[in-house]
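>>> Predicted structure and sequence below. I'll ask about it afterward.
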Amino acid sequence: MPEQSPDGGHDLVTALVHDEATNLTPPDAATLTIAAVESGPRRPKRKGIGVGGWLSVAWLALLLVIAVAGVVTGQKIPFLPDPKNDVGGFKLDMFSPGHFLGTDASGQDILSLTVNGTSASMEIGVFSVLIGFTIGGLFGVLSGYFKGRVGAVLGSTTDILLAFPPLVLAISIVTFLGHSVFWVTIALAIVAVPVLARIARAATLSWAEREFVTAARAQGAKHSRVMIKELVPNVLPAMLSIALLSIAVVIVAEAGLAIVGAGVAKTTITWGGIIDSGRTEIDTAPHIVLIPSFIIFLTVMALNYLGDALRAKFDVREGAL
Amino acid sequence: MRTAFFKLVRLVVVIFVVTFLSFSMLKLQEVATGATIIDRIAPFASQAKKAELTQSLNLNDPFFVQYGRWLGNAVTGDFGLKYTGTGNNATTGTPVSTIIGKELPVSIELMLYAQFLALLIALPLGIYTAYKNGSVVDKVSNIAMFAMLAMPAFLAGLALQVWAAKNPNLGLPTQYIGVGDFPLTPFTSENFNQMILPTISLAVAQIAVYMRLLRSDMITTLQEDFITTAKAKGIPARRVLLRHAFRPSSLTLLTVAGLNVGALIGGAIIIERIFNLPGIGLELVASILSGQVVETQAIIAIIAVIYVLVNFLVDILYTVLDPRIRHARAIA
Amino acid sequence: MSTRRRRTHIGEERFEPAPLDGPLLDVVDLTTYFDTPRGRARAVDGVTFSLERGRTLGVVGESGSGKTVLARSIMGLLPKKNLIRSGTAMFEGHDLVTASSDELRSLWGAQLAMVFQDPMTSLNPVMKIGNQLTEVLRQHLDITKDYSKELALALLESVGIPEAKRRLGEYPHQMSGGMRQRIVIALAIACGPKLLFADEPTTALDVTVQSQILDLLQEQQRERFMAMILVTHDLGVVAGRADEIAVMYAGRIVEKAPTRTLFSSVRHPYTEALLRSIPKLAQPSHTRLAAIGGRPPDIINPPSGCKFSPRCPYAQDRCRAEEPPLMDAADPGHAFRCWIPVGTPENRAALEANRAAGLASAVAMAAV
């Protein structure tokens, strides 16, 4: 099994899929997307992240600004057509006067809906990954570092958690606990934890074998110190690119949840919510569905690109030493 | 053989845990929301009816007993009822097993179609672009794959729906508007019409994933010494690619595709919803939304068990395919 | 064996039939450069030699001397990207440097073959040994499947694999390193090539096995009247087994001679240093190993003049300024590339002068 990939950087995938002499882990949409992006062509080690990288950063920064504005103004960002303005224009097409992107079935302006929805969608994306990262990362590093009993137990727990179809889990949590930004975030975080734990574990395993860890231990460093000072600084950059990719997956998942009716309640605007509301009008007013979809598509592309570029940048392989 | 035994044990344990978890999730919901199971199933029934229902479902028994009974029933195929009656007829309904029997095949068929399409495109493309690494074709396809990756299944589904709506002369239904049973027989125009758009939607993202994995592994393998040996034996390029390079490179792909088989059965929920396909995913969503707790329980458990079983099978398949692992295990 | 026929490939008719006189391989001024981000690496920088049928040429040099690149360049196995070659390598009427892929492919395995260094990585790990053998047999010979299996079995036995029948169905990882290398050899000689390249065939093996493998190569070569080019960094390997030795340094041949002549009347300082660095049984224990000081030359920006001059204990100004051409020595078949060759009075004088001037390599010579 090729371990050293001079071109495709999917060692994490290889590690994931063949962990511990083929103790297989079921991947899900998240892992698969990550796998695919990771196995893409390596960017040559240029100094920067390229034009695409900076475009992506610009886009994401824009989204961030809008999101913060949305949170601060309670999703009523000024200078936009009032989202709740049913001026009598139902299902207006794009480029109608006063409503550049048209309106939805109840007359709400699509542009302002989409812009305002940024805050909720981004919140869900960022925070669920943050939580999942922290908890999952912790779990993963611990289970990767402590081989033997502890590691095996932690590893098995993760496996069992992963055995559960993730979408079903998320749907159940939201349905039973509540259709709010909070619960959707929690639901997706819970789904993310085992996946991120697995990835963190694989990354830790590949680093923990290295000699500098043994050297640190030989100098009498405690486990916690070794983990914090030696492993985490090395695992973190790799996980960073995974984090970006995960945010993309979560944003898509939020929309997916909305479509199946397990999304955020319509009192809060999210991209998924707009898409869902437009599904009934798809024959006559497809722009309701297509515009937020396109925004999601752009965002996912930007996140994938950045995640890929960061991975290539931070990937100091043995070859460089 | 020892390891095979351990794997089997592990499988059984996981199945138990997973079914237990799904069973308890519903109970948990009771605790969290305060609404009992009966309240959800038959919200408008009289108190007397509710009591009767509670009794018949043995809901007053201790938790583990309930689980045991449920498990026992499940093994014989009895998953309880989907309650369709209202008011005082609330105790009647259709057996869940019948429902599952009709809808699970739809999901399985969708999954098979999507996998087939995805592999059909991804395999040759992956091999070819690995071989012609760096060429124009390779670069173009990489960009295309990158975009396809960013396109999650439901986006593709929605886009296809819009396109079908705008081109009614193609005769592709934007949704399944079902009467009677879903046309499951492949190669019929009915089946094709209903399945083509959902299949493409599901396949789009998979193509990118598979193709990239294969390409990456092939490129690495092609740099190995034994490929040079094969070349130096005078073996033509096509044979070297297919007979020598492909097999060792296909393992990750196969594993991921195999695991996808399990994942797609429960994971096509969104596509089923978009296209209104009467699959198991859609049924699950409907049951959750309408509070059909018994049915929900059963479907979750079944999806989870299938998932786990498929993973197990892929694991076994893996050892069959890579003789090195096979022998390493035998020694271990 | 008489049922074998050479399979005709499409277009083989247009290739000329092999001439029966003249050397088997005639390399004239072969260069092989790689374009790297740091510049043009001159891995092989003008190599000329010829090889007769059935003879063995040993190519010796440090890593970076260009010996492996030379072998692969002649075979045509180098990836085309950023590759620049010139010169000719005539083999049986084909110029290997300009030959097309199809032409090369018809020659590989059938006329030209290579044994690689690491038997673990040069065998396909997921393919049975038997299949790997029958594959090459059926590629070049027009024989039935069953017959190819018989041939494969015979091949395994002829390279000394015990329980050959069982081995046919096994995988490479089930065998020891020595056995794997035997199989690699079997693969290479399967279709009876006229020329075999052996690129460090024993470097990856245990010392105890090395001699067996070398013996096997020699035996096969004699039986099949096969020419062989044995590439190695170890003079000891070629000492008893090559008819002729070419010593390479910085992409060029610096000395070329029949084996006995090379050992008895060495001319080039580098060759002398190589000979000196072989530990000898007659030396008292704890004798310091005579390593060659300095580092291998940079093939992207090579030093001016003689490439060995920075490390040479005899180097004088002329050496550093002007690169010596390949000159013939008095003995037949012996050529070298040095202004002040070993064994001449000028050479001794140069050494004294350098020693007096404190040149490190010259001073070290006295110590040994």
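Received, thanks.
>>> Which parts of chain C are strands?
Listed in chain order, the strands of chain C (DSSP state E) span C:25-36, C:39-51, C:56-60, C:83-91, C:94-95, C:112-115, C:195-199, C:227-232, C:244-249, C:252-258, C:327-328, C:335-336.
>>> Could you pull up the mean pLDDT of the fifth one?
Along strand C:94-95, the predicted local confidence has a mean pLDDT of 90.
>>> That one: how far from the chain's middle?
A distance of 20 Å separates the centroid of the chain from that of strand C:94-95, by Cα atoms, centre = their mean, to the nearest Å.
>>> cool, stretch C:347-363 as well?
Put simply, stretch C:347-363 sits 33 Å off its chain's centre (Cα atoms, centre = their mean).
>>> list the buried ones in it?
Across stretch C:347-363, burial judged by 16 or more other Cβ atoms under 10 Å in any protein chain shown covers C:347, C:350, C:351, C:354, C:355, C:359, C:361, C:362. To be clear about C-beta, it is placed using only N, CA and C from the backbone, and glycine gets the same treatment.
>>> what's near enough to touch residue C:217?
Listed by Cβ atoms under 8 Å, 6 or more residues apart in numbering or on different chains, the contact set of residue C:217 reads C:115, C:185, C:196, C:198, C:201, C:228, C:230, C:241.
>>> Find me the pLDDT at it, would you?
Residue C:217 carries a pLDDT value of 88.
>>> these two touch, right, residue B:165 and residue A:281?
No - using Cβ atoms under 8 Å, residue B:165 makes no contact with residue A:281, being 10.0 Å away.
>>> ok so, going back, pick out whichever of the buried residues of stretch C:347-363 sits closest to chain A.
Using Cβ to the nearest Cβ, residue C:361 comes nearest to chain A of the buried residues of stretch C:347-363, at 30.9 Å.
>>> The closest one and residue C:349, how far apart?
16 Å (Cβ to Cβ, to the nearest Å).
>>> ok, and the closest non-adjacent residue to residue A:290?
Nearest residue to residue A:290, sequence neighbours excluded (Cβ to Cβ, 6 or more residues apart in numbering or on different chains): residue B:162, at 6.4 Å.
>>> what's the burial count for that neighbour?
If you count neighbours by other Cβ atoms under 10 Å in any protein chain shown, residue B:162 ends up with 19.
>>> is it true that it lies in a strand?
No - Residue B:162 is assigned helix when assessed by DSSP: H, G, I helix; E, B strand; the rest coil, not a strand.
>>> surely it meets residue A:285?
No - applying Cβ under 8 Å, one finds residue B:162 not in contact with residue A:285, separated by 10.0 Å.
>>> got the domain boundaries for chain A?
For chain A, automatic domain parsing gives the domain ranges A:8-39, A:50-320.
>>> Least confident of these, on average?
Comparing mean pLDDT across the domains of chain A, the weakest is domain A:8-39, with a mean of 50.
>>> still on that earlier bit, tabulate the strands of chain C (JSON lines), appending distance to residue C:321.
Converted to JSON lines, these look like this (distance: least, Cβ to Cβ, whole Å):
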{"stretch": "strand C:25-36", "distance to residue C:321": "23"}
{"stretch": "strand C:39-51", "distance to residue C:321": "18"}
{"stretch": "strand C:56-60", "distance to residue C:321": "27"}
{"stretch": "strand C:83-91", "distance to residue C:321": "26"}
{"stretch": "strand C:94-95", "distance to residue C:321": "35"}
{"stretch": "strand C:112-115", "distance to residue C:321": "39"}
{"stretch": "strand C:195-199", "distance to residue C:321": "35"}
{"stretch": "strand C:227-232", "distance to residue C:321": "32"}
{"stretch": "strand C:244-249", "distance to residue C:321": "18"}
{"stretch": "strand C:252-258", "distance to residue C:321": "17"}
{"stretch": "strand C:327-328", "distance to residue C:321": "17"}
{"stretch": "strand C:335-336", "distance to residue C:321": "19"}
